[in-house]
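*Asks:* model this:
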Amino acid sequence: MDESTTKDEAFEEARQQMVDSQIASRGVRDPRVLDAMREVPRHLFVLPQLAEFAYSDTPLPLSDGQTISQPVIVARMLEAAELSPDDRVLDVGTGSGYAAAVASRLAAHVDSIERYESLADSARHTLQEHGFYNVDVHHADGTRGWPASAPFDAIIAAAGGPDVPPAWREQLAIGGRLVMPVGASMETQQLIKVTRRSDTEFDEENLWDVHFVPLIGEQGWPEDGNETTPAKEFREPPGGMPLKQSRRQPQQQSPTQRQPQSQRQSQRQAQPRKQRQPQPLAGLIAAAARPLPEPEDASFGDAFDHLRTKRVVLLGECSHGTSEFYRGRAAITRRLVERHGFNIVAVEADWPDAAVIDGYVRSREPRTDEPPFQRFPVWMWRNEEFAAFVRWLRAHNERAADERRCGFYGLDMYSLSASIAAVLDYLDRTDPEAAQVARERYGCLTPWQKDPQVYGRAAFSAGFATCENAVVQQLQDLLRKRLEQSNGDSDRWFDAAQNARLVASAERYYRIMYRSSADSWNLRDTHMFETLESLLDSRGPDSRAVVWAHNSHIGNAAATEMGRVRNELNVGQLCRERFCDTAALIGFGTHAGAVAAASDWDGPMEVKVVRPSRDDSYEYQFHASGEARCFVDLSRGADALLRERLNEARLERFIGVIYRPETELHSHYAEAVLPEQFDGYVWFDTTTAVEPLATRATEREPDLYPFGV
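*Replies:* Here you go, the predicted structure:
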């Protein structure tokens, strides 16, 4: 079997998995649509360097700033269009030609329009080369439709306009269906379905919230991207026939009604209103906010004493490289550990790396000579702010009684190689015969320890025998041994068992990450949650934990696009379900400033300017409150009016270790419902980047321990 055959088989398997896990599981039921999605090879319609991600649950970039839509969105739009084998279809926004190709398997003929000539030429070539002969691609202004082939039984648009272009209504056949995104701005859209009932009657229904590239053209948004710039006034069709109406609209339109929706809305907003205006949301935030001093002030922790009764307190961050977030979480954690007896700090870090820190803060024998946190992104934990907290935690433990000493642990699962080494080290010292068996079992993972993602690619290929059985058997053997032992070093055993559990989880993670981003995310966060549960169990019924992780991990995923669109869960959601009111989910946010981040994975750290938050985001409302630093209680017992107003879904910013300001909207914003996502919100209006630790021993050798150099 040659390499190309193996790759084709891998793509075929991935395509079937995509339909099962991303499309059918989300409610698409039309068997013809599912069959078409199974048939059309999406990897042929993406950029060659992104082919391996073709069947991931995500849109992908094309040239000219365009995108190929998320697979489930394509399927839902085609299902809503109710295509029949004899239908003629107008597809607006060809892009790579993928949606037109799928539609061509459901209808008799597809006319597809693309405004970018290079994309039109490329899509035309791809479609013809791969046998999609019933698709004609035209380079034109899609807002005018394609009169030469009208009327159409269905019109489908992959771009969002301010309203339905009149040309499309005119070119839609009686009984025809039109599916497109419509919104009062280029960024906020609702997918609608319009059905033409007669010459003058149209039914319209809203389907769901979406985000598409803007529909640019004579009857769409203006070329300059300025939403306030009037587009050309829509002209009536030849012969003076009035524009076609929805049943819920009057038959005749005034000149104002013929204007684009964005103009009509702005004019309505400009008119004086007689009724009393509700209090602005920013004002409600300011009224409910508890101002905070700098995190180094001893009184910073006063605002968080209400968390003293919780079993688990999860502290977030909206970026991995912001000084104020580390310092704020450290101040809250100090309060909970010193005054309220919390004895576990668990963070979004690899278990073996955190174990080095745990040994240091509890004055235990080092488990390895290797300095921790050498893997990208090193600045996430090798920074001055975190080092200061580690020194404090060691000093606290030296003063505290044994039962009040606080351990430090990692929840994450990326350290495949280090975890294997830790398991083997434990077995070498306690059971050399078992160590030899473990070496044989882990041997099949050895080629992948340098780059576990390569293992994911290999496991994805047909015929590759995964290591799943071996690593799961190793975990079972280690857990079984615990039942046989009644004494010994329980901390050492727990560390080895957790590393074995991590290897088993990591093997599955890297195996499925090329099939489904949602599945791999869910596996990772479930692993982190189960690690937290194991920690709480191991420290006894009185144990209580503080968790540090990104907002995307500690906020309730069910209140965000993660859960509502992508079927993803996270640690915060699982904690809320498991611990109910004894879990507190605290988010952190900022408006502007600087952040330590990279431009690409494995890239160097840069200090980047954080763009001011968008005016349609939660962050902007907190900025408008005028509070420099504050805490706002969002729990169900808090300000009811504030919760009600915040319950309107808005955008929220998420910056990880990668920050790309030039594509910030698409890369770093997602829709959320803040009061359902968090129980409280810590706000720093302007923030600064973390300060990386010095990397040369001659600079600060004594202070760098236990980080090493």
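*Asks:* helices of the stretch 451-600 of the chain, residue ranges please.
*Replies:* Using DSSP state H, counting those that start in this stretch, the helices of the stretch 451-600 of the chain run over residues 452-460, 468-484, 490-512, 517-538, 551-554, 561-564, 571-579.
*Asks:* ranking these by mean pLDDT, which is last?
*Replies:* Note on those: helix 452-460 shows the lowest mean pLDDT, a mean of 42.
*Asks:* skipping adjacent residues, who's closest to the residue nearest in space to the middle of the chain in space?
*Replies:* Geometric centre of the chain, nearest residue: Met562, 5.8 Å, by CA atoms, centre = their mean. Nearest in space to Met562, with sequence neighbours left out and distances taken as CB to CB, 6 or more residues apart in numbering, is Glu568 at 4.1 Å. Every residue, glycine included, has its C-beta placed from N, CA and C.
*Asks:* wait, doesn't the one you found sit right on Arg524?
*Replies:* No: in this structure, Glu568 is not within contact of Arg524 by CB atoms under 8 Å, at 10.1 Å.
*Asks:* give the buried residues for stretch 572-584.
*Replies:* Across stretch 572-584, burial judged by 16 or more other CB atoms under 10 Å covers 572-576, 579, 583-584.
*Asks:* residues in contact with it: which ones?
*Replies:* Residues from elsewhere that reach stretch 572-584, judged by CB atoms under 8 Å, 6 or more residues apart in numbering: 307, 309-314, 525-526, 529, 532-533, 547, 553-558, 563, 585, 677, 679-680.
*Asks:* tally of neighbours for Thr686?
*Replies:* Thr686 is flanked by 15 other residues according to other CB atoms under 10 Å.
*Asks:* make sure it is indeed in a strand.
*Replies:* Yes: assessed by DSSP: H, G, I helix; E, B strand; the rest coil, Thr686 belongs to a strand.
*Asks:* name all residues that make contact with the residue lying closest to it once chain neighbours are set aside.
*Replies:* Closest residue to Thr686 apart from its sequence neighbours, by CB to CB, 6+ apart: Gly593 at 4.6 Å. Neighbouring residues of Gly593 by CB under 8 Å, 6+ apart: 322, 609-610, 686-688.
*Asks:* show the pLDDT at Gly593.
*Replies:* Gly593 is given a pLDDT of 94.
*Asks:* go on, Ile113?
*Replies:* In the predicted model, Ile113 carries a pLDDT score of 97.
*Asks:* where does the prediction get shaky in the stretch 151-300 of the chain?
*Replies:* 186-188, 224-279 (pLDDT under 70).
*Asks:* mind listing the helices for it?
*Replies:* Secondary structure of the stretch 151-300 of the chain, counting by DSSP H, counting those that start in this stretch: helices at 166-171, 261-270, 281-288.
*Asks:* about what we covered before: any chance of the buried residues of stretch 572-584 in CSV, with distance to Phe386 too?
*Replies:* Putting the buried residues of stretch 572-584 into CSV (distance: CB to CB, whole Å) gives the following:
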residue, distance to Phe386
Gly572, 21
Gln573, 26
Leu574, 25
Cys575, 23
Arg576, 27
Phe579, 26
Ala583, 24
Ala584, 22
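*Asks:* for these, which one is nearest Phe300?
*Replies:* Ala584 (16.8 Å; CB to CB).
*Asks:* who does that closest one bridge with?
*Replies:* Beta-bridge partners for Ala584, by DSSP bridges, are Val313.
*Asks:* swap in the one 4 residues further on?
*Replies:* Residues found in beta-bridge contact with Phe588 (criterion: DSSP bridges) are Val682.
*Asks:* pretty sure it contacts Phe678?
*Replies:* No: counting by CB under 8 Å, Phe588 does not reach Phe678; the two are 9.3 Å apart.
*Asks:* higher neighbour count, these two?
*Replies:* Per other CB under 10 Å, whichever of Phe588 and Phe678 has more neighbours is Phe678, with 28 against 25.
*Asks:* chain neighbours aside, what residue packs nearest to the more buried one?
*Replies:* The nearest residue in space to Phe678 (CB to CB, 6+ apart) is Gly587, at 4.0 Å.
*Asks:* count residues in the vicinity of that neighbour, would you?
*Replies:* Close neighbours of Gly587, defined as other CB under 10 Å, add up to 28.
*Asks:* cool, Glu39 as well?
*Replies:* 12.
*Asks:* tell me, how many residues neighbour the closest residue to it other than its chain neighbours?
*Replies:* With CB to CB, 6+ apart as the criterion, Glu39 has its nearest non-adjacent residue at 5.8 Å, and that residue is Arg105. Per other CB under 10 Å, the neighbour tally for Arg105 reads 20.
*Asks:* and Arg105, what are its phi and psi?
*Replies:* Backbone dihedrals for Arg105, given as degrees, to the nearest 10, come out at phi -90, psi 0.
*Asks:* can you map out the strands along the stretch 151-300 of the chain?
*Replies:* In the stretch 151-300 of the chain, the segments counted as strands under DSSP state E, counting those that start in this stretch are 152-157, 172-182, 189-196, 201-210, 245-246, 290-291.
*Asks:* could you double-check that His553 lies in contact with Asp525?
*Replies:* Yes: between His553 and Asp525 there is a contact under CB under 8 Å: 6.2 Å.
*Asks:* overlap in contacts of the two?
*Replies:* 570-571.
*Asks:* if we can go back for a sec, greatest separation within the contacts of Gly593: which pair is it?
*Replies:* Thr322 and Val609 (12.7 Å).
*Asks:* compare these two (neighbour count), which wins?
*Replies:* Thr322 (26 against 12).
*Asks:* skip the chain neighbours and tell me the closest residue to the more buried one.
*Replies:* Using CB to CB, 6+ apart, the closest residue to Thr322 is Thr687 (4.8 Å).
*Asks:* all good on my end, thank you.
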